[in-house]
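J.: return atomic coordinates for the entry below.
(2 chains)
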Amino acid sequence: MGSMLELKGVNVYYGAIHAVKDISLTVNQGEIVTLIGANGAGKSTTLRTISGLLRPKSGSISFEGKEIAGVKAHEIVRQGISQVPEGRRIFAEMTVMENLDMGAFTRKDKDGIRADLKRVFELFPRLEERKSQVAGTLSGGEQQMLAMGRALMSRPKLLLLDEPSMGLAPLLIREIFHIIEDINRAGTTVLLVEQNANMALSIASRAYVLETGRITLSGDAAKLAASEEVRKAYLGG
Amino acid sequence: MEVTQQILQQLVNGISLGSIYALIALGYTMIYGIIKLINFAHGDIYMVGAYIGFFAITQAHLSIVPALLISFVVTGILGMVVEKLAYKPLRHAPRISVLITAIGVSFFLEYTSMYFVSPTPRTFPAMFGDVAVTVGGIVINGQQMLILGITAVLMVILTYVVQKTKTGKAMRAASFDTETAQLMGIDSDRIISITFGIGSALAAVAGVLVGVYYNSIDPLMGIMPGLKAFVAAVLGGIGILPGAVVGGLILGVVEAFVSGFVSSTFRDAAAFAILILVLLFKPTGLFGKNTKEKV
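T.: Have a look, this model is predicted:
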């Protein structure tokens, strides 16, 4: 269980705004790690920086021992990191199948792609029923499933999930989180960003708490869920 | 009967001219779709394409199809070079900077061409001058058949590429959401370059076809068709490929009818009147949806 992803002293700016301040965090192979915090705390910025959409001003990001800070986003996918972005960002004008094809864009192994497609359809049977439907016509929950399936099609070693519960009904959230656990059990390491701290802490092994760009707490997810500080701030008492 | 015949004849003329607009408009709309740039140099790319075809025919003594192919390839590469040198360094610059650069590129292409090929119009060699088919009194001449045939073939190929190939799907994905496309492993710089290549190549074909149709080319020939094709792209809904084709055809037919039944003096006015009407009543164009601005 070596460390898979390691951020050390990462600083990210949006123009003059210092969005992520000196963040260090580790994700070990096989874990579900969650990054919780209020809206605007810098959670998405952190994920976007790992994915290469943003460039850190300073600090290092290493993935499987290789430095990836400043590597372009489309190359980071090839290294084995895939992101389900906030708000799902499916290609609404393309069909479900075409969205999944795009997820496998970096791959050439036809048999492997077919096997992963089968797996995605097993995880999300509704996607198979709707595979020739235009993605923009899917419901919110189905779109979230499509975004996750699409990310899995690159067969990532590390899956980054940004607010998968956003805008979904509680029942659906539970379903999605079960599937995240399934994906993890099948061998994919997960870094999960969530405002729904309750759900996130219930499936994660470790957690980091972000506040205005800084990590203020970290540790075992169950312990954090029980701690007075976290419960007051994020779990509604 | 007489009137019906005239109407049909103008329809044939209009569709031929409209095919040319459609080919140019496709490039406008593809480029806009992916980097939100109105590439005002696009009409001049079309002019360069016409000259390459002209020299391929007159100097290298090629026939029309190889000349079209050479112009298609060379102008496509030119489009990619222009993108790399002029627009790529401005990827994160404000949109207005890129727009002004496009106008600069336009002047650069016009006056560099003038330097090398002289501002004097050249006479395009006449081709299939006496070939013509008459259907029920409507004449379709050789040049028109060439235009319609080539345009149809290119549309079929383009549709196939965009709908079915991996690169085509990546183009659509990047055009819908560049950032998310990058998260899929799509190199958006490469896709933008390919888009410029294809758009420029299509414009080049239009340039050669116009040379064949009107027999005359000059270094400023791209200005008016460039603007008209822009109108066509806006009319169909900028960023939407079928929109560019339909917009081009409508514009061509309207122009043919105006010059045939009113006066050719008003031909250009009709095109720009269409632009004004579209902007007033349906700014998103015929095929446009009211999309929310992405955050």
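J.: and the lengthiest helix in chain A, what does it pack onto?
T.: Criterion DSSP state H: the longest helix present in chain A is helix A:170-185. Helices and strands touching helix A:170-185, as assessed by 3 or more Cβ pairs under 8 Å, 6 or more residues apart in numbering or on different chains; DSSP states H and E, comprise strand A:32-37, helix A:110-123, helix A:140-152, strand A:189-194, helix A:197-203. From N, CA and C alone the C-beta is placed, and that goes for glycine too.
J.: secondary structure element holding A:Thr216?
T.: Using DSSP states H and E, A:Thr216 sits in strand A:214-220.
J.: for A:Leu25, grab the count of nearby residues.
T.: Per other Cβ atoms under 10 Å in any protein chain shown, the neighbour tally for A:Leu25 reads 21.
J.: distance of it from B:Val210?
T.: A:Leu25 sits 61 Å away from B:Val210 when distances are taken as Cβ to Cβ, to the nearest Å.
J.: next: A:Leu54.
T.: Distance from A:Leu54 to B:Val210, by Cβ to Cβ: 46 Å.
J.: B:Ala256 contacts B:Gln6, doesn't it?
T.: No - judged on Cβ atoms under 8 Å, B:Ala256 makes no contact with B:Gln6 at a distance of 10.7 Å.
J.: more neighbours: which of these two?
T.: Each of B:Ala256 and B:Gln6 has its neighbours counted (other Cβ under 10 Å); B:Ala256 has more, 24 against 15.
J.: can you get me a residue count around B:Gly104?
T.: There are 13 residues near B:Gly104, going by other Cβ under 10 Å.
J.: phi, psi for it please.
T.: In terms of degrees, to the nearest 10, the main-chain angles of B:Gly104 are phi -60, psi -40.
J.: and the gap between it and A:Phe124?
T.: Distance from B:Gly104 to A:Phe124, by Cβ to Cβ: 50 Å.
J.: how about the residues of chain A near chain B?
T.: A:51-53, A:72-75, A:77-78, A:82-83, A:85, A:89, A:91-94, A:98, A:101-103, A:105-106, A:150, A:154 (Cβ under 8 Å from any Cβ of the partner chain).
J.: chain B: helices as residue ranges?
T.: Per DSSP H, chain B carries helices over the ranges B:2-35, B:42-58, B:64-82, B:95-117, B:142-164, B:166-176, B:178-183, B:188-214, B:223-236, B:241-257, B:267-281.
J.: out of the ones you listed, the one nearest A:Lys232 is which?
T.: Closest of the helices of chain B to A:Lys232 is helix B:178-183, at 35.2 Å (criterion: Cβ to Cβ).
J.: can you pull the buried residues of that closest one?
T.: Residues B:Thr178, B:Thr180, B:Ala181, B:Gln182, B:Leu183 are the ones in helix B:178-183 that count as buried (16 or more other Cβ atoms under 10 Å in any protein chain shown).
J.: okay, now the closest residue to B:Phe40 other than its chain neighbours: neighbour count?
T.: In space, B:Phe40 comes closest to B:Ala102 once its chain neighbours are excluded; the distance is 4.3 Å by Cβ to Cβ, 6 or more residues apart in numbering or on different chains. Counted with other Cβ under 10 Å, the neighbours of B:Ala102 add up to 21.
J.: contacts only, for B:Ala102.
T.: The neighbourhood of B:Ala102, defined by Cβ atoms under 8 Å, 6 or more residues apart in numbering or on different chains, consists of B:Leu37, B:Ile38, B:Asn39, B:Phe40, B:Ala41, B:Ala86, B:Tyr87.
J.: between these, which has the most around it?
T.: B:Asn39 (31 neighbours).
J.: any idea how far chain A is from that one?
T.: 22 Å (Cβ to the nearest Cβ, to the nearest Å).
J.: near the closest residue to B:Ala181 other than its chain neighbours, how many other residues are there?
T.: Distances taken as Cβ to Cβ, 6+ apart place B:Ala174 nearest to B:Ala181, at 4.0 Å, with adjacent residues excluded. B:Ala174: 28 surrounding residues under other Cβ under 10 Å.
J.: quick one: residues contacting B:Ala174.
T.: Contacts of B:Ala174 (Cβ under 8 Å, 6+ apart): B:Ile34, B:Ala181, B:Ile186, B:Ser188, B:Ile191, B:Ile192.
J.: what about A:Tyr14, neighbour count?
T.: A:Tyr14 is flanked by 10 other residues according to other Cβ under 10 Å.
J.: report pLDDT for it.
T.: Note on A:Tyr14: pLDDT of 90.
J.: what sits against the closest residue to it other than its chain neighbours?
T.: Distances taken as Cβ to Cβ, 6+ apart place A:Thr45 nearest to A:Tyr14, at 7.5 Å, with adjacent residues excluded. Neighbouring residues of A:Thr45 by Cβ under 8 Å, 6+ apart: A:Val12, A:Tyr14, A:Ala19, A:Val20, A:Leu54, A:Gly213.
J.: let's see it at 6 Å
T.: Applying Cβ atoms under 6 Å, 6 or more residues apart in numbering or on different chains to A:Thr45 gives the contacts A:Val12, A:Ala19, A:Val20.
J.: top of those residues by neighbour count?
T.: Highest neighbour count within the contacts of A:Thr45, by other Cβ under 10 Å: A:Val20, with 26 neighbours.
J.: close to chain A: what parts of the stretch 51-200 of chain B are there?
T.: For the stretch 51-200 of chain B, the residues in contact with chain A (Cβ under 6 Å from any Cβ of the partner chain) are B:Lys169, B:Ala173, B:Phe176, B:Asp177, B:Thr180, B:Gln182, B:Leu183, B:Met184, B:Gly185, B:Ile186, B:Asp187.
J.: enumerate every residue touching the fifth one.
T.: Okay, so that is B:Thr180. Counting by Cβ under 6 Å, 6+ apart, B:Thr180 touches A:Arg89.
J.: just to revisit the earlier point, which pLDDT value belongs to the residue nearest to B:Phe40?
T.: 97.
J.: that one and B:Tyr28, how far apart?
T.: Going from B:Ala102 to B:Tyr28 by Cβ to Cβ gives 11 Å.
J.: same deal with B:Val205?
T.: B:Val205 is 15 Å from B:Tyr28, where distance means Cβ to Cβ.
J.: repeat for B:Phe124
T.: 24 Å.
J.: hmm, back to that, A:Leu54 and B:Val210: which has the busier surroundings?
T.: Neighbours per residue (other Cβ under 10 Å) separate A:Leu54 from B:Val210, with B:Val210 holding more: 27 against 19.
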